[in-house]
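J.: next come a sequence and a model predicted from it.
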Amino acid sequence: MDWHLLGLSFVMVFISELGDKSQLAAIALGGSSKSLRAVFLGTAAALLLASFLGVILGEGISHLLPMHWVKGIAAAGFTIMGLKLLLAREEVIPEQE
């Protein structure tokens with residue numbers, strides 16, 4: 001096992017999940033629930049399942065498509081999203097009296 005990759009993956013996911021909406025949902029559920037163990041186990045299971053599915057799908061796609069295609073599709077997707085955000089008109093909210 002590559003311990004460096006394991007540690008790097010853990011740190012990156014841990015940092016990125018700190019402000020995530022799933023983390024905020026876990027905080028809200030933990031604060032209003034009497035069973036903290038159930039909240040922890042449910043949250044951990046959901047994160048593990050989502051990560052597992054991401055790894056399995058990513059591995060499957062890597063066997064179907066060449067890597068330069070995947071990178072090109074991702075680059076095009078991010079470019080389109082960025083352009084839509086830059087070119088979107090801001091909706092004017094009428095003043096309320």
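T.: Received, thanks.
J.: going by C-alpha atoms from here, please, whenever you check contacts or count neighbours.
T.: Noted.
J.: average model confidence for the helix or strand where Phe14 lies?
T.: Assigned by DSSP states H and E, Phe14 belongs to helix 3-17. Per-residue pLDDT over helix 3-17 has a mean of 85.
J.: tell me the first helix or strand C-terminal of that helix.
T.: Assigned by DSSP H and E, the successor of helix 3-17 is helix 21-32.
J.: what distance separates the helix or strand encompassing Ala76 from the middle of the whole chain?
T.: Using DSSP H and E, Ala76 falls within helix 67-87. A distance of 17 Å separates the C-alpha centroid of helix 67-87 from that of its chain, computed with CA atoms, centre = their mean, to the nearest Å.
J.: quick one: contacts of it?
T.: Outside helix 67-87, the residues that touch it by CA atoms under 8 Å, 6 or more residues apart in numbering are Ser62.
J.: looking at the protein, which helix is longest?
T.: Looking across the chain with DSSP state H, the single longest helix is helix 36-64.
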